[in-house]
Each structure stands twice: as structure tokens, then as C-alpha cells.
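Q: Okay, here's the prediction I keep looking at, along with the sequence it came from:
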Amino acid sequence: MHLYLETDDDARTLDFVARENALSDTALKTEAFAADAAAFKAMMERDDRLIHFSRRGDWLNTFRKTAGNPMGVWQRLPATQAPVPEAAWETMFDLDAYNAAEGRTWIWRGAVTCPWDPSRVLVSLSDGGSDLRIFREFDCESLAFVEGGFSTPLARSHATWESLDHILYFGSIDRESATQSSWPRVGRRVARGQDVAEAALVFAAEDTDVTGYGTVYGPEMARLSQGDRLSGDERLSIFTAVHTIGTASHVVSKNGGTPVPLDIPRESDAGTNHRFCLWRAKTDERVPSGSLVLQELPVRLGSDQPQAPARVLFTPTGRRFCTDFMLLRDWCVFTVADTMTPHLFLLDLTVEGAEPFELALPDGVETLSYHPLYSDLHLGDDTLIVSGQGFLQPPTLYRLDLSDRTTPLALQPVAASPAYFDASGMSSLLLEATSEDGTAVPYRLVLPATFDMGTLPVLLYGYGGFEVPLQPYYSGVTGRWLEQGGAYVQAYIRGGGEFGAAWHKAAKREGRHRAFADFAAIARDLVARGYTKPQHIACNGGSNGGLLTGVMLTRYPDLFGAVWCQVPVLDMLRFHTFPAGRAWMDEYGDPDNAQDRETMLAYSPLQAVRPATEVTYPPIYIESSSNDDRVHPSHARRFAAQLRELGHDPLFHEFTSGGHGGEGDTAASAARIATGYSFLRQTIMKPAATE
């Protein structure tokens, strides 16, 4: 089916993309589109946007986009000053200017701080939003790239500092360095100025694994930590092989010595510091699935010291699950969601026998997140930056001084986001639908201030795969939709990670139909509750969520008035022919296995398209990127071509850059989003002829 569209430079492919782009531009680039694009761009460039920051040495750092720097600037501020937008932020690195000088479209991917000198970082840049990136050593004192410093080739890659003069580099620079799914396989110890291809190998995952990576804890960490048993000159390296998305094994090496396996289940999520491993079980192999376990690293102790027994810090009950966790130097932090309401728990690791305790959160927090203040724990203390937000609640940042044991612990407000829309009269409701097998499936419905029951335009978003949990978030884009009279729904369907590993596994491989049935049940529930009718519901999702929306079109067309399908996986029989797709076979199945192939063929959207003489599909807008190297744009191209060949009238747009995440400067990002909302305005917001 239109296999030539898998070849990016085929003249027929280029002609198809140009022709379809022209059609979608004509249909969607209206005056209302232009107004939305201008509004979204203005939101991204607001001077009073909340500053997200970290600390390096004596400086606070942030990266933000502005009207004058639509690609973004990396800035700093003395750590003694408040990190507010109006402060005298100094520009360290101007990405717009760098791109102009390079003649490239680099996308910011962050900076990896050297634990032994916070003035040295590895700046990471992506090629146009793709998964390929470079690392270049940057001097934060001279504000320039280091002559003869670390510089890595464009590749899928990870990097971390091992010492002041060495980094551990994992990069898929050639086939031998990559796994079968094209992610980094081998780790190299690279000296400053050394060609990474000539550096010594220190770790290798298997070709059949997804990827490998490393973490280093140096002696500076040990000296700063209370009650540590590391001597002052020891270094721990932890290497991880990710076998499938969601399973991994780890080894620990002390001072470059013989690696020791970390004795935790392969099916678990894990985090470490220089003393402990904190892991969350995904099976009942050792503890009940979903339990959070703390145990010492195997190389922490001398031969005459018995290892302390592992401690279970949390065990799930009902719909009470651990959704996030982190090890700092001397503290363990974790989140427990009770029926999707977050609760913050802390454990002081310096107090023998201490138990986790809950820290009160402000009222109305729907989503909780946190990160260390310091960009590297070697360089500072356990101060935590906590963020609370909700669909109708702008984010607020709080400081939690965990290292200060002289005063009671409390969240201290640091800064709050301005409101991007007037939420007066709006509401956010947590509801449940019943899926076809009787499972209760939660969803959150965000309602505009005023609406008419029965004709409410609803944008229904879902993902439902790879154990990815969805959480409420504050968005000016969503707010504009709400102000225009639309409602927004976030669906917590099986396949995601909202309720632990079992919620995910229920929709893996042969159970994938459950995710689709859950999503359809939510659409039906909205109608049953009287909020709307099918012709006013649009479903939306990207990547695996693009597969979800493709199935909604082909299997449940009567439930929707529009389908917005982004960077989608749509051909379940050929996704593995692209290297990145081989990493998804544990989730979906192996198309070369007859039983798996039959299961996937039963729902694969590309093969399920029926002629317009047999079925009427709701309007569909399919969106992709030419440089998407995670989900190849041919999925979207071939689906659009098949629909058109069989008599349907899809809208398709392939953006020239942006990668899988649709990234770019503020104008490009705003226009891309506005195109989708223009489609919604012309479909589910139009009065239905039958009403």
C-alpha cells in the first residue's frame, strides 16, 4: 500500500506531500487560524512567564524563549537573587544567534553539569527536533565553547561526566555502537579532545536491547553526605542495559573494578544515589507489584559488614499507587496518588529506622512534580524545587529545604505562573466510564464557564501505552479552547501507567484492544451523561496516541465528529522495518510472528480502512514531521493516501522539521498547534445539521 511513501526523497513522495500540504493549508489556514497562531505565539513569548531554574555553583540558570529569541536563550542570575522574570538575567548562550552562524536549526536539549567544576557543562543540541543530538563542552565563565573540548558527533546519544577530564559517552555513531533499534548500545570513556570512535569501551548492552547508559557518583558526593561509608577517593559507576521499554538490569562498579550486578528484578523502575537503590516492582516476584523498595548498593559495604535488608516503603492498595520517586543525597522522596490525587512523602536516610512521612500540599493540586535545586547533587545540598498545578490552576514553584534540619519542613513559595486565561466558572471533574469488560476507567473533564448540555464541543485526548501516565497540566492553549466554549478531556485508559504495571500490561500485545475499548467507553459516557453528542466529540493523540486515534476512526467512526491524529503509528505490520520501531515489539508484538501478526492485523488502522461506499468516516486531520526519526512519517503519509484512494477526504500536513515532538521556534510551534485547532473549529464546533 503506497510503499513508495516510505522513501523520503522519492519524487512521488515529495509530490504527494506538497499536494496534500496545499490542500490542508487551503482548508485550515483561515482568519481564525491566524488569530489562534498569534495568540499561542504571544503566550510562548510572554515576558512574565514562570521561570523554571536550577543552580550551578553561584548561579541560577534557565532556558526560555522570547519575542527576540524565538529559539531560546540560556541565561543566568546570581543565586542570591529571586528567580523572577523581571530580574537582570544575563544571557550565556543565544541559540538563535548560534543557529544563524551555523546555518542550522538546533533545538535546545539541556546542559550536563560537570560535578567537579560547575563552570563546565556539556551543552546538548538536537538536529531540528530529531532524536539525533550533539554534545559540546561550554565554559560558563568565558561564555564560549571550549577550544579542543568535548565534542561529539550527531547521533542518538547520552553523556555524563566521569571526571574533570573524562566523560562516559553512549552514542549510536555506527551500527556496532547501536542496538537493533538504533539507540546507543556501548559506553566509552572519552578524554577531552579525543575522537569518541577511538575511546575505550567500558560497557556494552546487547544488540537486542533497547539502549544502554551510565551514571557516576564521585567522592565529592560522599564527602558531602552524612553517615556515608565511602572513602574519600572512591567512585561508583552504575551501568544500565534497557532490555525492553520497561525492563532493565544494572551493574555497579567501584573505581573501575569488576562490575557487580544490582540484585533487583528486571521488571522494575529504579533510581540510585551513592548509597542506595530505590525500585518500584512491576511484578509480584519479590514484593507485591507496585511496591516501593529501598536497598543498599552491593559495593557499599566491606566484606565484614552484612548488607542491611531491603525495606518496603510503600505497598499499593485499591487505587492508591506510587507514581513518582527520587533519591537525593540524604533523602528519599516519593509521590502517592490516591484516586489520582497526589500526596508527597519523605524519608530521612540519615536516621536509622526512620519511617516515611507525609508533607502537606496546598489545596487543589492535581499534579505534583519536583527536582533538585542543584543541577548536580555533587555540587550542593538536598534542596528540592516542588511544582503544583492543575488544569485550571497555574503552576506554583515551592522550595523545600530538606538539608536544613533546624526548622520544621514546609513548602516555601518561590514563584507562580501568571494566569493565561480566566478560569472563573470553569470546573475540573474526575469521572468514570465503564469499559466493555466492566472495568471502571477514570477520565478528567474540564468544562468551560458556560455551555449548552447536549451540544458541548469536546476534545478527548488519550495515549494508553508503554506505561506512560497522563496527569493534569496547566496550558494557555487549552485555556483558549475553554474560553471559546470547548471542553477538554484527559483519558486514563489501560496501557498507561496511572494505576501501576497491571494497568499497563492489561493493554499490551494481545490485550491492546482494551485500551481502544476504554477510550470508546469514555466517548459514550460523555454522551450518556448528557454533555454532548458524537458529532461534537473530537479524539486526539500522538505517537502511540496516534495509533489510538487511527483505531477510533476505523473501528468506532460513529462515536466521533472529528479525529486529530498526530505523528502516528498506523501500520502495525511494518513498524518494525524502521530501526526505532524494533523497540516497540515488546509492547505491540512481533509482526513476523504469525500469532502476533494476526492480533495486530485485527486493529491495524492502515489495513482496516474501508471504501467510502461502505462507511462514512468523521473528518480526520493527520499531522507529521519530515524529520521524525522515531515514528517515520510514512505511517501518516500512507494512511492519508489509502483514505484518499478509497474515496475519503482526509486532511494531511507534513511539517518540514520539528521531529517527533513538533518542536521549533515560537512561530512554527504556534502555527502547528493552531492548525489543529482550526480543524476542530471547522468540525465539532460547527452546528450539526441534525440538531
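A: Perfect, I can see it now.

Q: and after the helix or strand of the chain with the lowest mean pLDDT, which helix or strand comes next?
A: The weakest-scoring helix or strand in the chain, judged by mean pLDDT, DSSP states H and E, is helix 219-224 (a mean of 59). Downstream of helix 219-224, the first helix or strand assigned by DSSP states H and E is strand 236-244.

Q: Could you tell me which ranges of this protein sit under the pLDDT cut-off?
A: For the chain, the stretches with pLDDT under 70 are 220-233, 300-306, 688-691.

Q: cutoff 80 now
A: Counting by pLDDT under 80, the low-confidence segments of the chain come to 219-234, 299-308, 686-691.

Q: Which residues are in contact with the most centrally placed residue in it?
A: Centroid-nearest residue in the chain, with C-alpha atoms, centre = their mean: Val468, separated by 8.3 Å. Going by C-beta atoms under 8 Å, 6 or more residues apart in numbering, Val468 touches 496-497, 544. Glycine gets a C-beta too; all of them are placed from N, C-alpha and C.

Q: For the residues you listed, give me a markdown table that also has distance to Ser669, secondary structure and neighbour count.
A: What follows is those, written out as a markdown table (distance: C-beta to C-beta, whole Å; DSSP: H, G, I helix; E, B strand; the rest coil; neighbours: other C-beta atoms under 10 Å):
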| residue | distance to Ser669 | secondary structure | neighbour count |
| --- | --- | --- | --- |
| Gly496 | 25 | strand | 23 |
| Gly497 | 27 | coil | 21 |
| Asn544 | 22 | helix | 23 |
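
Q: quick check, nearest of these to Ser54?
A: Gly497 (25.8 Å; C-beta to C-beta).

Q: OK, contacts around that closest one?
A: Contacts of Gly497 (C-beta under 8 Å, 6+ apart): 323, 467-469, 503-504.

Q: Okay, and which of the residues you listed map to strands?
A: Thr323 (DSSP state E).

Q: ok, of the contacts of Gly497, which one's closest to Val202?
A: Glu467 (29.6 Å).

Q: does that closest one really touch His504, like I thought?
A: Yes. Glu467 is within contact range of His504, at 3.9 Å (criterion: C-beta atoms under 8 Å).

Q: so what sits against both of the two?
A: With C-beta under 8 Å, 6+ apart as the test, Glu467 and His504 both reach 246, 495-497.

Q: what would those residues look like in JSON lines with distance to Asp284?
A: JSON lines is the format used below for the shared contacts of Glu467 and His504 (distance: C-beta to C-beta, whole Å):
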{"residue": "Gly246", "distance to Asp284": "16"}
{"residue": "Gly495", "distance to Asp284": "20"}
{"residue": "Gly496", "distance to Asp284": "20"}
{"residue": "Gly497", "distance to Asp284": "17"}
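
Q: now, among those residues, which is nearest to Asp269?
A: Checking those one by one against Asp269 (C-beta to C-beta), the nearest turns out to be Gly246, at 8.0 Å.

Q: Next up, the contacts around that closest one.
A: By C-beta under 8 Å, 6+ apart, the contact set of Gly246 is 267, 269, 282, 466-467, 504, 586.

Q: now swap in Ala523 and tell me
A: With C-beta under 8 Å, 6+ apart, Ala523 has these contacts: 460, 534, 537, 539, 552, 556, 559-560.

Q: out of those residues, which is most surrounded?
A: Counting neighbours by other C-beta atoms under 10 Å, Cys539 comes out on top of the contacts of Ala523 with 32 neighbours.

Q: I'd like the distance between it and Val414.
A: 38 Å (C-beta to C-beta, to the nearest Å).

Q: re earlier: let's see which of the contacts of Gly497 end up in helices.
A: When DSSP state H defines the helices, the subset of the contacts of Gly497 inside them is 503-504.

Q: neighbours of the nearest residue to Leu402 once chain neighbours are set aside, just the number please.
A: With sequence-adjacent residues excluded and distances taken as C-beta to C-beta, 6 or more residues apart in numbering, Leu402 is closest to Asp382, at 4.1 Å. By other C-beta under 10 Å, 22 other residues sit near Asp382.

Q: can you redo the contacts of Ala523 as JSON lines with distance to Asp437 and secondary structure?
A: Formatted as JSON lines, the contacts of Ala523 follow (distance: C-beta to C-beta, whole Å; DSSP: H, G, I helix; E, B strand; the rest coil):
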{"residue": "Leu460", "distance to Asp437": "20", "secondary structure": "strand"}
{"residue": "Pro534", "distance to Asp437": "22", "secondary structure": "helix"}
{"residue": "Ile537", "distance to Asp437": "22", "secondary structure": "strand"}
{"residue": "Cys539", "distance to Asp437": "20", "secondary structure": "strand"}
{"residue": "Met552", "distance to Asp437": "18", "secondary structure": "helix"}
{"residue": "Tyr556", "distance to Asp437": "16", "secondary structure": "coil"}
{"residue": "Leu559", "distance to Asp437": "18", "secondary structure": "helix"}
{"residue": "Phe560", "distance to Asp437": "22", "secondary structure": "coil"}
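
Q: List just the nearest of those residues to Asn99.
A: So of the contacts of Ala523, ranked by how close each gets to Asn99 (C-beta to C-beta), first place is Cys539, at 35.9 Å.

Q: Report the contact partners of Thr211.
A: Taking C-beta under 8 Å, 6+ apart, one finds 158, 170, 179, 181, 183-185, 205, 242 in contact with Thr211.

Q: Just among the residues you listed, which is most surrounded?
A: Neighbour counts for the contacts of Thr211, by other C-beta under 10 Å, peak at Phe170, which reaches 30 neighbours.

Q: quick one on the thing from earlier: the residue nearest to Leu402 and Ala308: what is the separation?
A: Note on Asp382: its distance to Ala308, by C-beta to C-beta, is 21 Å.

Q: Pro85 too?
A: 47 Å.

Q: neighbour-wise, which of the two wins?
A: More crowded of Pro85 and Ala308, by other C-beta under 10 Å: Pro85, with 16 against 13.

Q: got a list of what the more buried one touches?
A: With C-beta under 8 Å, 6+ apart, Pro85 has these contacts: 47-51.

Q: now swap in Asp269 and tell me
A: By C-beta under 8 Å, 6+ apart, the contact list for Asp269 reads 246, 279-280, 282, 325.

Q: Could I get the full set of helices for this protein?
A: For the chain, helices defined by DSSP H occupy the ranges 11-28, 31-44, 95-102, 219-224, 476-483, 500-505, 512-528, 544-555, 585-588, 594-601, 605-608, 634-645, 666-683.
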